[in-house]
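K.L.:
Quick one, structure for this:
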Amino acid sequence: MASLGFARQISNSSADFQVARPGRTRSCCPGRNRVDFRVFAQSDAEPDLSVVVNGLKMPNPFVIGSGPPGTNYTVMKRAFDEGWGAVIAKTVSLDAAKVVNVTPRYAKLRAGANGSAKGQIIGWQNIELISDRPLETMLKEFKRLKEEFPNRILIASIMEEPVKEDWEELIDRCEQVGVDAFEINFSCPHGMPERKMGAAIGQDCALLEEVCGWINAKATIPVWAKMTPNITDITQPARVSLQSGCEGVAAINTIMSVMGINLDTLRPEPCVEGYSTPGGYSSKAVHPIALAKVMSIAKMMKTEFADKEYSLSAIGGVETGGDAAEFILLGANTVQVCTGVMMHGYGLVKTLCSELQDFMKKHNFSSIEDFRGASLEYFTTHTDLVRMQQEAIRERKAIKKGLQSDKDWTGDGFVKETESMVSN
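P.N.:
Next up, the predicted model:
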């Protein structure tokens, strides 16, 4: 990957980052070029974190993931003020009256013994549903946010039952208030699938294809399909979503889990009136699983959609700039953070940007595109690993033993050939 360290002027003003498309576009990274060398030119300019994804220009690749950090105007405004590249609001549907949350609805997993109050938080479970606020209220707040931040990216996360007219109405109403894109929640693992929503659609490729067809026939702005990890092969629904008109995919949503059993009360966590239900698992512990899922999707997209500029938004256990860099190295255009914000606050974005820029300076990368997907080629099959290692062992043995036969001696390289068989 080339990294030309020429000086440039970089501005983080929100005025510089705006919607770079008049309508719906499939262009992910216009003008993207790769070359096979790197020029180590010195520059005092900070690495440029800005990205253009499906025509949407963002000051950095860090996106507020759909969930509690995007529940209302106040918190979404805070996200923009702190400098997040984009905000995905908490998922909305037509009838919020059907959504009833319980409390407590979160549980933590710490490194250490079951029930330990000490140790680093490595896992987080939620049994929270989508937005319980009236759609009209959320739409008013979307509109207000776009009026106050016209050049920042606001993405509506939407979910409905498999009824064409409902999807069309929800899409139309969201577009009317000016949202920049849609993320389709095909992946919520708890509560909503009971109504044939969320993961119930994402796990059924035939139904997913039909619903994506409705959505993409109606939407005039970019559409990302959010994938569930609770499936054997995540590339199957990702492929169907792209074939059915989506401009991008996001992965992963939370992993279905039981957080644990309280060994004093013998009741599960989170405990609601003595009972619980399986919920979505997130935070640091899911990061390796998310990396594997994102890698699989990225390889599929590179192989099957090489002529398209589809986008990939990575999600799962991001708390540091290094976590984000790993996803980008696998091919992600953007990186979403939800649980990380719940644990560390909206100011986390400053740390993420700083640490990502430190990584880029270490490798002399001047832009995100300089290293996006750079590590993807190093993943192969186990069979291929065995073959490569056997070849390497044979080569090392050959080098150690020198010439294998008298017929291998040559006149020109006689001295070197002699030295290759000397042991000291």
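K.L.:
Helix, strand or coil: sort out the closest residue to residue 111 other than its chain neighbours for me.
P.N.:
With Cβ to Cβ, 6 or more residues apart in numbering as the measure, residue 119 is the residue that lies nearest to residue 111, at 4.3 Å, once sequence neighbours are left out. Bear in mind the C-beta positions are built from the backbone N, C-alpha and C, glycine included. Under DSSP: H, G, I helix; E, B strand; the rest coil, residue 119 falls in the coil class.
K.L.:
Now for residue 334: which residues touch it?
P.N.:
The contact partners of residue 334, taken as Cβ atoms under 8 Å, 6 or more residues apart in numbering, are 51, 53, 58, 61, 62, 63, 85, 86, 311, 313, 314.
K.L.:
go with 7 Å
P.N.:
Residues in contact with residue 334 (Cβ atoms under 7 Å, 6 or more residues apart in numbering) are 51, 53, 61, 63, 85, 313.
K.L.:
cool, residue 299 as well?
P.N.:
By Cβ under 7 Å, 6+ apart, the residues touching residue 299 are 376, 379.
K.L.:
What is the strand or helix carrying residue 209 packed up against?
P.N.:
For residue 209, the element it lies in under DSSP states H and E is helix 205-218. Taking 3 or more Cβ pairs under 7 Å, 6 or more residues apart in numbering; DSSP states H and E as contact, the helices and strands that helix 205-218 lies on are helix 164-176, helix 199-202, strand 223-226, helix 235-243.
K.L.:
switch to 6 Å and redo it
P.N.:
When contacts are defined as 3 or more Cβ pairs under 6 Å, 6 or more residues apart in numbering; DSSP states H and E, helix 205-218 packs onto helix 164-176, helix 199-202, helix 235-243.
K.L.:
buried stuff in stretch 73-86?
P.N.:
Buried residues in stretch 73-86, counted by 16 or more other Cβ atoms under 10 Å: 73, 75, 76, 77, 78, 79, 80, 83, 84, 85, 86.
K.L.:
Got the confidence number for the closest residue to residue 62 other than its chain neighbours?
P.N.:
Counting by Cβ to Cβ, 6+ apart, residue 85 is the residue found nearest to residue 62 once chain neighbours are left out, at 4.9 Å. pLDDT recorded at residue 85 is 98.
K.L.:
what do you get for residue 420?
P.N.:
In this model, residue 420 is scored at 76, pLDDT.
K.L.:
got it, and residue 361?
P.N.:
pLDDT, residue 361: 98.
K.L.:
swap in residue 411?
P.N.:
For residue 411, pLDDT reads 78.
K.L.:
Then the one 5 residues further on?
P.N.:
According to the model's per-residue confidence, residue 416 sits at a pLDDT of 83.
K.L.:
Run through the stretch 301-424 of the chain and note the low-pLDDT ranges.
P.N.:
The stretch 301-424 of the chain contains residues with pLDDT under 70 at 398-404, 423.
K.L.:
Let me see the ranges of the helices in it.
P.N.:
321-329, 339-344, 348-362, 382-401, 414-419 (DSSP state H, counting those that start in this stretch).
K.L.:
on that earlier part again, mind checking which of the buried residues of stretch 73-86 are in strands?
P.N.:
In strands, defined here by DSSP state E, the members of the buried residues of stretch 73-86 are residue 86.
K.L.:
what's the closest of the buried residues of stretch 73-86 to residue 371?
P.N.:
residue 85 (17.1 Å; Cβ to Cβ).
K.L.:
burial count for residue 208?
P.N.:
24 (other Cβ atoms under 10 Å).
K.L.:
And the residue of the chain most remote from its centre, its phi and psi?
P.N.:
Within the chain, the residue lying farthest from the chain centre (Cα atoms, centre = their mean) is residue 411, at 58.8 Å. Taking degrees, to the nearest 10, you get phi -70, psi -40 for the backbone angles of residue 411.
K.L.:
Might you report the residue contacts of it?
P.N.:
Contacts for residue 411 (Cβ atoms under 6 Å, 6 or more residues apart in numbering) come out as none.
K.L.:
Just list whatever residues bridge to the residue nearest to the spatial centre of the chain.
P.N.:
What sits nearest the mean C-alpha location of the chain, by Cα atoms, centre = their mean, is residue 314, with 0.8 Å. Beta-bridge partners of residue 314, counted by DSSP bridges, are residue 251, residue 335.
K.L.:
Repeat that for residue 367.
P.N.:
Per DSSP bridges, the residues bridged to residue 367 are residue 48.
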